[in-house]
Structure formats: structure tokens, C-alpha cells
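Visitor: predicted model and sequence below, questions to follow.
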Amino acid sequence: MQSSQLRQIVPGLVMCVLVAGAAYVLARIQHALLGAGFLEALVFAIIIGIAIRTIFSQQKSWQPGISFSSKTLLEIAIVLLGASISFATIRSAGLTLIIAVAAIVTMSIYVSFAVARLLGLSPRLSMLIACGNSICGNSAIVAVAPVIEANSDEVASALAFTAVLGVASVLLLPLLYVYAGMGALQYGALTGLTVYAVPQVLAAATPAGLLAVQTGTVMKLLRVLMLGPVIFTLGILQGKAARREGRATSHRNLVPWFIIGFMAVVVLRSLGLIPLEIVTILLTISSALTVIAMAGLGLSVDIRTVASAGGRVIVASSISLLLLVTVSYFVVISALQP
């Protein structure tokens with residue numbers, strides 16, 4: 001990167017870092033006051049960014065740094081996220097369980113996408129909602145967005161309403177354990193199959209005890225493992241579509257570089273070439289870069305566009321989540337003994 005380009009990036013990058021710092025502070029205050037982190041720092045980063053963009057309008061000097069943060073830093077974060085996945089987790093879970101989780105996630109993506117499209121949402125926003133609800137919430141939305149070339153407004157819409165549903169699922173799922181006669185093993189599997197983030201899985205499963213927490217964590221990790229194949233497949237499909245439209249001419253453009261990097265890191269982790277202490281550092285860096293990227297995304301969002309799609313996004317996301325909970329409930333009830 002040339003020095004002139006660096007000077008152009010600095011103002012917007014500094015603003016994104018400041019917004020990310022404020023988001024982390026709010027997340028800590030939330031945890032201190034409520035005893036739990038219902039909204040992640042990346043959600044706060046988007047909210048703060050949108051607020052600043054609304055108050056100060058578009059600042060031209062910020063734009064290069066905002067673009068760098070929301071695109072390049074996000075792509076690096078996705079690559080590093082591969083360190084969270086190991087083939088050892090796949091082997092330990094067993095083939096039958098892996099197939100069941102893959103089938104549920106795949107079915108949920110297809111049906112959720114169809115529902116969102118029927119409600120008039122754009123194909124890209126529909127896919128973000130489908131992948132977010134079906135795989136791992138915010139992380140899936142953030143990873144899928146650059147692959148399908150979703151714009152800032154679409155990403156912000158999907159993240160905002162998915163965050164609300166994530167909190168709702170943590171609060172409401174324990175009612176199924178109490179009133180639906182589920183055993184701890186069944187309920188733990190249900191939380192892992194339906195709740196978005198790992199901390200939220202722990203919060204939702206805790207009322208049913210240690211067995212539920214352990215089961216929920218394993219099932220959740222299996223869902224996260226689906227992120228790699230999904231973004232790889234979407235990357236190929238997007239590349240082929242771009243070639244048909246004349247926007248790409250070589251096989252090198254079929255799959256974005258950061259997807260290849262993501263898979264390479266997964267392989268390195270699986271081969272034991274990345275020590276566990278380094279894994280922790282890489283995931284911490286990935287998380288921080290993601291929050292900075294989401295600050296940049298918020299700073300580039302037009303709140304009017306997000307608000308105009310709000311009702312349909314809420315309906316589509318809610319139907320998608322209810323579908324996933326319903327299917328997962330019947331699967332765990334029939335497959336696992338209480």
C-alpha cells in the first residue's frame with residue numbers, strides 16, 4: 001500500500017476504530033448491568049455507526065478508510081475465523097450426527113430463502129437472513145455478505161433484526177424445557193441447533209444443567225462447521241453468475257481469495273500446525289477486526305433504506321427461526337431419548 005493511499009485511509013479507519021472501542025465499552029456496561037451479553041459488540045458498532053452517519057451525514061474524508069475497514073479488514077477477519085474449526089470436531093461427532101445437522105441447516109437455508117423472497121426481499125438480503133438464522137447468526141451474515149456482494153444496507157438490516165431474535169430465543173427457549181417435557185439431552189441439542197452464538201447457547205442451555213450445556217455446545221460447533229461449505233458453494237455460484245454477466249473472465253475469480261484463505265486456515269488448524277495458544281490470539285484478532293468492519297458498515301448505512309425493509313425483514317427472520325426451531329424440536333424428540 002502506497003503512502004498516499006495510507007493517508008487517505010487513516011481518517012476513516014481511525015473513526016471506525018473509535019466506534020469499535022465505544023461498542024466494546026457498551027457491551028461491557030451491558031454485561032455489568034444485566035449479567036449477560038445479549039447484544040454483541042459488533043451490533044453496538046453498527047448502531048453507533050448508523051447514528052454518527054445520520055447526525056453528520058456523509059464525510060468524504062472518511063470514505064476510503066470506511067471502505068477499507070468494511071471490506072478488507074472484514075475479509076482478513078473471515079480468513080482468521082477458520083482457526084475456530086478443526087476436522088477433529090467432525091470426527092468426534094460421528095457421521096450420523098453430522099449428516100443430520102447438515103440436512104437441517106441445508107433445508108433451513110432453502111426454505112428461509114424462499115420465504116424471504118416471497119415477502120419481496122432482495123435475493124441478497126434473503127440469503128443473508130437464511131444463512132444467519134440457519135448457521136450461526138451474525139458470524140454467518142458477516143461471512144456470507146462479501147461473497148454474495150451484499151451492500152451495507154442489506155447487511156445492517158439482517159444483523160439488526162437477527163440480533164433481536166437471538167435475544168428472544170435465549171429468553172423463550174427455556175420455556176420449551178419447562179413445559180414441553182424435554183430431557184436435558186434433547187433440550188441441549190435443541191439449543192445448539194437453533195440459538196445463534198455460542199455464548200447465547202450457553203445462556204439458553206444453562207437452566208437444564210451441565211449435560212444440556214455440553215450437548216448444546218457440540219451441536220452448535222457442528223452448525224458452525226457448515227459455514228465453510230456454505231460460503232465456498234455460494235462463492236462458486238456467485239463467481240459463475242458474475243462470469244455470465246461479463247464481470248469476471250477467469251477461474252481465479254470463481255472463489256474470492258478470503259474463502260480460499262479461510263479453508264487453508266481450517267486445514268492448518270486440523271493438521272495441528274497452529275498451536276492452541278495461537279488459535280486464541282487469531283480468534284481475538286478476528287473478532288476485533290469484525291467489530292471494526294461493522295463500525296465501517298454502520299458508518300456507510302442509509303437508515304431510511306434499513307427502515308423501509310424493517311417489517312418484511314422481521315417477518316422473514318421470525319418465520320425462518322420458527323421453522324428451524326420446529327424442525328429441530330421434532331428431530332431431537334424422535335432421535336434422542338430424554
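Guide: Perfect, I can see it now. Numbers count the residues shown, from 1 in each chain.
Visitor: list the buried residues in the lengthiest helix in the chain.
Guide: In the chain, assigned by DSSP state H, the helix with the most residues is helix 3-34. The neighbour-count check on helix 3-34 (16 or more other CB atoms under 10 Å) flags 8-9, 11-13, 15-17, 19-24, 26-27, 30 as buried. Heads up, the C-betas are built off the backbone N, CA and C, glycines and all.
Visitor: for stretch 115-130, output the C-alpha coordinates as CSV.
Guide: This file holds the C-alpha atoms of stretch 115-130, laid out as CSV (Å, rounded to 0.1, in the frame of the first residue of the first chain):
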residue,chain,number,x,y,z
VAL,A,115,-39.9,-17.3,2.5
ALA,A,116,-37.9,-14.1,2.4
ARG,A,117,-38.2,-13.9,-1.4
LEU,A,118,-42.0,-14.4,-1.2
LEU,A,119,-42.1,-11.4,1.2
GLY,A,120,-40.5,-9.3,-1.5
LEU,A,121,-36.9,-9.0,-0.1
SER,A,122,-34.0,-8.9,-2.4
PRO,A,123,-32.1,-12.1,-3.2
ARG,A,124,-29.0,-11.0,-1.3
LEU,A,125,-30.9,-9.9,1.8
SER,A,126,-32.9,-13.1,1.7
MET,A,127,-29.7,-15.2,1.6
LEU,A,128,-28.2,-13.2,4.5
ILE,A,129,-31.3,-13.9,6.6
ALA,A,130,-31.4,-17.6,5.6
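Visitor: how close does the residue nearest to E40 when sequence neighbours are not counted sit to A45?
Guide: In space, and not counting its chain neighbours, E40 is closest to N138: 6.2 Å by CB to CB, 6 or more residues apart in numbering. Between N138 and A45 the computed distance is 11 Å (CB to CB, to the nearest Å).
Visitor: give me the more crowded residue out of these two.
Guide: Taking other CB atoms under 10 Å, N138 and A45 do not tie; A45 has more neighbours (30 against 22).
Visitor: what does the pLDDT read for that one?
Guide: You'll see A45 listed with a pLDDT of 87.
Visitor: contacting residues for S122?
Guide: Contact partners of S122, counting by CB atoms under 8 Å, 6 or more residues apart in numbering, are E154.
Visitor: what of I148?
Guide: I148 touches R124, M127, L128, L234, Q238, counting by CB under 8 Å, 6+ apart.
Visitor: what do you get for P146?
Guide: Here P146 is in contact with K71, L74, E75, I78, P256, F258 (CB under 8 Å, 6+ apart).
Visitor: now, the residues you listed that are in helices?
Guide: Short answer: those in helices (DSSP H) are L74, E75, I78, F258.
Visitor: residues in contact with the first one?
Guide: For L74, the set of contacting residues under the criterion of CB under 8 Å, 6+ apart consists of V142, A145, P146, L289, T290, A293.
Visitor: with adjacent residues omitted, what lies nearest to S169?
Guide: Closest residue to S169 apart from its sequence neighbours, by CB to CB, 6+ apart: V195 at 5.3 Å.
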